[in-house]
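Undergrad: this one's sequence-less:
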């Protein structure tokens, strides 16, 4: 391996793309490893690789991430996993064009990209620049550490595009930034700049964009200097806290089993693709009028019911 110098006296090997069975056909991620020469430990990096689509997620992305994480977690020389995004942005959530037909499957699979981070026994660092929205935002805050560039922007978008979410990662945000801010982020879909994210505890540190990768290297080097077994035990202990959320969550599937066949379930994505404001309340008004018409018809046929007899 060739040697490069990342920052100060910390030396690293060059990144090398990982191959092998199940790792050679990635189309939506790049999977690499490099070695921290002073300690001997390695870092695995999973880079979302659809910069032309702001690294939006599909089930294919998540499947490739699972395979990369499986390899990293079973490599005894890997001590840290970094999740990054190619291009200007970390990512903008789910691919809305795909979600029109495919989100149903992701929805009932409980957003497994967060689960693989939670179940990883190696510490996971999110390396964030640009937009970090929706699925990418909750993926980042589910990581053990988040290192952000000063141009990073965080937020959720689900209610804007009729994309409901539940599962452990929704209430878990209350532990990260507090209950009031968590509701504000999820329900109002506001966006937060890097300095705001740092102030509320959503990220660990903020650095200039051109220093982002070097800063992540520093965090990786610190972790690799520690006992990897102790870090695995600590991560498992911290992640155990999330277990209590899994069963206690209100499941969207139970509340709205036919959500993706309902007009409201389709309206947000359609409006987003058409670049117009969604008409959620027009749909609700239409539904209310239809219900009233049915009630009026019933009462017309059953006058005694209308009179309360």
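TA: Looks like it arrived, so ask away. As the structure is a computational prediction, the values presented were derived from the model and not from experiment.

Undergrad: what average pLDDT does the helix or strand containing residue 283 get?
TA: Using DSSP states H and E, residue 283 falls within helix 280-301. Helix 280-301 comes out with an average pLDDT of 85.

Undergrad: and stretch 133-152, by the same measure?
TA: Mean per-residue pLDDT for stretch 133-152: 96.

Undergrad: got it, and stretch 243-255?
TA: Stretch 243-255 shows a mean pLDDT of 63.

Undergrad: buried residues of the helix holding residue 283, list them for me.
TA: Neighbour counts over helix 280-301 (16 or more other CB atoms under 10 Å) mark 280, 283 as buried. For the C-beta atoms, the positions are set from N, CA and C on the backbone; glycine is no exception.

Undergrad: elements contacting it?
TA: For helix 280-301, the elements it packs on are helix 263-274, helix 303-307, judged by 3 or more CB pairs under 8 Å, 6 or more residues apart in numbering; DSSP states H and E.

Undergrad: now do that helix and helix 263-274, the angle between them.
TA: Angle, helix 280-301 to helix 263-274, by axes from the mean of the first three to the mean of the last three CA atoms, to 10 degrees: 150 degrees.

Undergrad: how far out from the middle of the chain is helix 280-301?
TA: 39 Å (CA atoms, centre = their mean, to the nearest Å).

Undergrad: which intervals of the stretch 151-300 of the chain have sub-threshold pLDDT?
TA: Counting by pLDDT under 70, the stretch 151-300 of the chain shows low-confidence ranges at 244-253.

Undergrad: run through the helices of it in chain order.
TA: With DSSP state H, counting those that start in this stretch, the ranges of helices along the stretch 151-300 of the chain come out as 169-177, 179-188, 194-200, 212-224, 228-248, 252-255, 263-274, 280-301.

Undergrad: closest one to residue 158 among the ones you listed?
TA: helix 179-188 (7.2 Å; CB to CB).

Undergrad: can you list the domains in the chain?
TA: With domains defined by automatic domain parsing, the chain comprises 3-252, 254-307.

Undergrad: most packed of the ones you listed?
TA: Among the domains of the chain, domain 3-252 has the highest mean neighbour count (mean count of other CB atoms under 10 Å), at a mean of 18.

Undergrad: before we move on, back to that, can you redo the helices and strands packed on helix 280-301 as TSV with distance to residue 18?
TA: Listed next are those as TSV, based on distance: least, CB to CB, whole Å:
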stretch	distance to residue 18
helix 263-274	35
helix 303-307	70
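
Undergrad: residue 285: which of those helices is closest?
TA: With CB to CB as the measure, helix 263-274 is the member of these nearest residue 285 (11.6 Å).

Undergrad: and the contacts of that closest one?
TA: Helix 263-274 has contacts (CB atoms under 8 Å, 6 or more residues apart in numbering) with 96-97, 99-100, 159-163, 256, 258-260, 277-280, 283-284, 286-287.

Undergrad: output the helices of the stretch 151-300 of the chain in a markdown table, with distance to residue 125 appended to each entry.
TA: Listed next are the helices of the stretch 151-300 of the chain as a markdown table, based on distance: least, CB to CB, whole Å:
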| stretch | distance to residue 125 |
| --- | --- |
| helix 169-177 | 15 |
| helix 179-188 | 21 |
| helix 194-200 | 15 |
| helix 212-224 | 6 |
| helix 228-248 | 12 |
| helix 252-255 | 30 |
| helix 263-274 | 31 |
| helix 280-301 | 37 |
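
Undergrad: of those, which is nearest residue 22?
TA: So among these, helix 228-248 is nearest, using CB to CB, at 23.1 Å.

Undergrad: now for the closest one, which elements pack on it?
TA: On a contact count with 3+ CB pairs under 8 Å, 6+ apart, helix 228-248 meets helix 112-119, helix 169-177.

Undergrad: quick one: end-to-end distance for stretch 222-233.
TA: Stretch 222-233 has an end-to-end distance of 17 Å (CA to CA, to the nearest Å).

Undergrad: hang on, the earlier thing: save the helices and strands packed on helix 228-248 as CSV, and put in distance to residue 55 too.
TA: Below are these laid out as CSV (distance: least, CB to CB, whole Å):
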stretch, distance to residue 55
helix 112-119, 12
helix 169-177, 18
